[in-house]
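Colleague: Predicted model follows, preceded by the sequence.
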Amino acid sequence: MSSRSDNHSNSAALAAGGRGRDVIVVGASAGGVEALQGFVAGLPHELAASVLVVLHLPPGGSSALPAILQRAGELPVAAARHGEALVHGRVYVAPPNHHLLLLDGTVALSHGPTENGRRPAINALFRSAAIAAGPATTGVLLSGVLDDGVAGLLSIVSRGGTVVVQDPEEALFPTMPRHALASLRVDHVLPVRAIGSLLDKLSREEVEIGSAPAPSRLMRLENDIATTDSPAHARHDPAQLGPVSGFTCPDCDGALVEMSPATRYRCRVGHAWTAEALLNALGGSWERALSIAIRTLDEKAALSKRMADQARERGSTELAGRYNHNAAEAMDAAALLRGPLEVAARQGGETR
């Protein structure tokens, strides 16, 4: 009888030939902790596949997600470590501020450029698995906002892999699953607790790695960018990715080029954006600019009032009047700017 450790994938196993659908990549965002708990609870203890998980996390500190998921199911769960070989029946969780990637059958962690403002990013994991494992890859997209993961699912489909999406009716935040359903052919739509039994069956189906279409040049270029340990060391030419878009990167103010299929953007540093995420980030940029302008005007009004009081105490009535006029102008301008900001806040609440 072979042990579980005897079943680990390595670069030789990724060569042409038959193997099971034994690489499962999972992405989640808002509402993802609850979705992942249900997902892990449904995984069988003898799963003939490795599971790699990305949940959008704040960049600083550590994550309690491995411990939370360990309590939810039977499989061992741990934070992924750079260079470790994949083992069937284990769950590898992306640590904060690192992309989780699959390279030549081993786990890789990188500090590469953010994608959709995120590191770890779902698209980065999905794309790397599509290149490394082709049709042996199953991509699973769970609860979340915006559309991170959809481009990665397209990469998986292009390489003959399988796509599973959480039922949007069940998801706490259904936007990511809905974007997937609207953008590509999805093989299975299920509640999270039903996904595990499906993956168990899929992991035992043999696929021919050598029959998969080759990764596109753009897919390989983007994967190379993600593996770069630091954006400061990026060595790619944006012209290789597509034409100049006329838009600027919200992260670094660099020029963005437009990539297809599925309209996306990258800058020279390597920051990547889907159209949906870029639109959301640009909205955040102008909201921050308005907030700064309002704060500045409020401070100008307060200082003008203070100076008017001081001038009045000195008997300078005319000067006090000018300061009061300046205060009134600043208050009127701030009130004018508050209108659009309040509308944006209401719309944001309705979207969430």
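Modeller: Noted; the coordinates are in hand. Residues are numbered from 1 along each chain as shown.

Colleague: contacts and neighbour counts: CA atoms only from here.
Modeller: OK.

Colleague: averaged over its residues, what pLDDT does the lengthiest helix in the chain have?
Modeller: Ranked by residue count, the top helix of the chain under DSSP state H comes out as helix 275-313. In this model, helix 275-313 carries a mean pLDDT of 84.

Colleague: Okay, buried residues for it please.
Modeller: Buried residues in helix 275-313, counted by 16 or more other Cα atoms under 10 Å: 275, 277-278, 281, 287, 290-291, 293-294, 297-298, 300-309, 311.

Colleague: which SS class is the residue lying closest to Ile68 once chain neighbours are set aside?
Modeller: Spatially, and ignoring its direct neighbours in sequence, Ile68 is nearest to Gln37 (7.6 Å; Cα to Cα, 6 or more residues apart in numbering). Assigned by DSSP: H, G, I helix; E, B strand; the rest coil, the conformation of Gln37 is helix.

Colleague: residues near Ser62, how many?
Modeller: Neighbourhood size, Ser62 [other Cα atoms under 10 Å]: 12.

Colleague: Verify the contact between it and Ala94 for me.
Modeller: No - under the criterion of Cα atoms under 8 Å, Ser62 is not in contact with Ala94, lying 10.7 Å apart.

Colleague: residues making contact with whichever helix or strand Leu52 is part of?
Modeller: In this assignment (DSSP states H and E), Leu52 forms part of strand 50-55. Contacts to strand 50-55, defined as Cα atoms under 8 Å, 6 or more residues apart in numbering, come from residues 22-29, 32-33, 86-94, 100, 120-122, 125.

Colleague: Pairing partners for it, with directions?
Modeller: If you go by DSSP bridges, strand 50-55 pairs up with strand 23-28 (parallel), strand 91-93 (parallel).

Colleague: Out of the ones you listed, which is the most enclosed?
Modeller: strand 23-28 (a mean of 27; mean count of other Cα atoms under 10 Å).

Colleague: CA-only coordinates of it in CSV, if you can.
Modeller: Taking C-alpha atoms only, strand 23-28 is exported to CSV below (Å, rounded to 0.1, in the frame of the first residue of the first chain):
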residue,chain,number,x,y,z
VAL,A,23,-4.5,19.9,-8.8
ILE,A,24,-7.4,21.9,-7.3
VAL,A,25,-7.0,25.7,-7.1
VAL,A,26,-9.5,27.7,-5.1
GLY,A,27,-10.2,31.5,-4.9
ALA,A,28,-12.4,33.5,-2.6
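
Colleague: That strand - what's its average pLDDT?
Modeller: Averaging pLDDT along strand 23-28 gives 98.

Colleague: For the residue nearest to the spatial centre of the chain, give its distance to Asp332.
Modeller: Residue closest to the mean C-alpha point of the chain, counted by Cα atoms, centre = their mean, is Ala121 at 3.6 Å. Counting by Cα to Cα, to the nearest Å, the gap from Ala121 to Asp332 is 43 Å.

Colleague: Next: Arg193.
Modeller: From Arg193 to Asp332 the distance is 55 Å (Cα to Cα).

Colleague: between these two, which one's more packed in?
Modeller: The residue with more neighbours, out of Arg193 and Asp332, is Arg193; 18 against 14, by other Cα under 10 Å.

Colleague: quick one, what contacts that one?
Modeller: By Cα under 8 Å, 6+ apart, Arg193 lies in contact with Gly38, Phe39, Val40, Ala41, Gly42.

Colleague: what does Ser183 give?
Modeller: Val150.

Colleague: neighbours of Ser260, just the number please.
Modeller: Using other Cα under 10 Å, Ser260 has 11 other residues around it.
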